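1. Need a 3D model of the following:
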Amino acid sequence: MQIEAKSTVDNTQLFVESCSATPYDTPNYWPTYSIIENGCNLDQTVKVHQRANPRQFRFSMEAFKFLGLHDQVYISCSVLICEAGSNGTRCSQRCINSPLTGHHHHRKREAISQSARHFISQGPLRLKRSAESTGSPGTPLNLNLVFIVGCLLAAVGMISTVALYKVRASKVKYQPLPSFEN
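-> Here you go, the predicted model:
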């Protein structure tokens, strides 16, 4: 994955403060899986790759999916843009393991050196399904298709029953009449 800040301001750098994954494009949705928090990699499979420039952040991790009926993943990140090389900014602090890191108090001088937090989201990301991984040669049955076929079979059965009833009921029945001889 790659995040890149497009800016006309020179001498800036991108800092990824947090990234999390959810099955929907709502970062506060449960379940949430934290990937990066307070600038620290939480997922053991995260690998940060070399940047082409300071306004870029590239990382990879092993693919995963949420259990249950969730077949998609959204990645949401909180990022900052800071003046490159400026001490005292959140970007210069890098990974912070303190539980109080969400409560930063910046001096007025630092406010010029960094932007506000920006929230970005990408998705849905879906795993490619293959017959080899599921062990079955076909694709899974679509529940809508099963429902439609079931309704059609029920309709054919009802029409056949009504037609059979009408055929039996419409047979000509006769009864001999008493004969009168004069």
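
2. all strands of the chain, in order?
-> Residue ranges of the strands in the chain, as given by DSSP state E, are 2-4, 12-22, 33-37, 40-41, 47-49, 56-60, 73-83, 118-125.

3. does Ile3 really touch Val79, like I thought?
-> Yes: the criterion here is Cβ atoms under 8 Å, and Ile3 meets it with Val79 at 6.3 Å. The way it works is simple: take the backbone N, C-alpha and C, and place the C-beta from them, glycine included.

4. what do the two both touch?
-> Leu14, Val16, Phe57, Ile120 (Cβ atoms under 8 Å, 6 or more residues apart in numbering).

5. Closest one of those residues to Tyr29?
-> The closest of the shared contacts of Ile3 and Val79 to Tyr29 turns out to be Ile120 (Cβ to Cβ; 16.3 Å).

6. quick one: the closest residue to that closest one other than its chain neighbours from Ser113, how far?
-> Distances taken as Cβ to Cβ, 6 or more residues apart in numbering place Cys77 nearest to Ile120, at 5.4 Å, with adjacent residues excluded. The gap separating Cys77 from Ser113 is 21 Å, by Cβ to Cβ, to the nearest Å.

7. before we move on, what about Ser92?
-> Counting by Cβ to Cβ, the gap from Ser92 to Ser113 is 9 Å.

8. Leu177 now?
-> According to Cβ to Cβ, Leu177 stands 113 Å off from Ser113.

9. domains of the chain?
-> The chain breaks down into these domains under the TED database: 2-97+107-126, 141-170.

10. These: lowest mean pLDDT?
-> Note on those: domain 141-170 shows the lowest mean pLDDT, a mean of 76.

11. Name the residues of stretch 59-68 that are buried.
-> For stretch 59-68, the neighbour count (16 or more other Cβ atoms under 10 Å) marks Phe59, Met61, Phe66 as buried.

12. any idea which of those residues is closest to Gln44?
-> Among those, and counting by Cβ to Cβ, the member closest to Gln44 is Met61, at 8.9 Å.

13. for that closest one, what are its contacts?
-> Contacts of Met61 (Cβ under 8 Å, 6+ apart): Ile35, Asp43, Thr45, Val46, Lys47.

14. for this protein, what spans make up the helices?
-> Along the chain, the segments classed as helices by DSSP state H run 90-93, 108-111, 131-134, 143-169.

15. Please identify the deepest-packed of the ones you listed.
-> helix 90-93 (a mean of 20; mean count of other Cβ atoms under 10 Å).

16. ok, now which ones touch the closest residue to Pro124 other than its chain neighbours?
-> Closest residue to Pro124 apart from its sequence neighbours, by Cβ to Cβ, 6+ apart: Gln72 at 3.5 Å. The neighbours of Gln72, taking Cβ under 8 Å, 6+ apart as the test, are Pro23, Tyr24, Gly123, Pro124, Leu125, Arg126.

17. Fine by me, we can end here.
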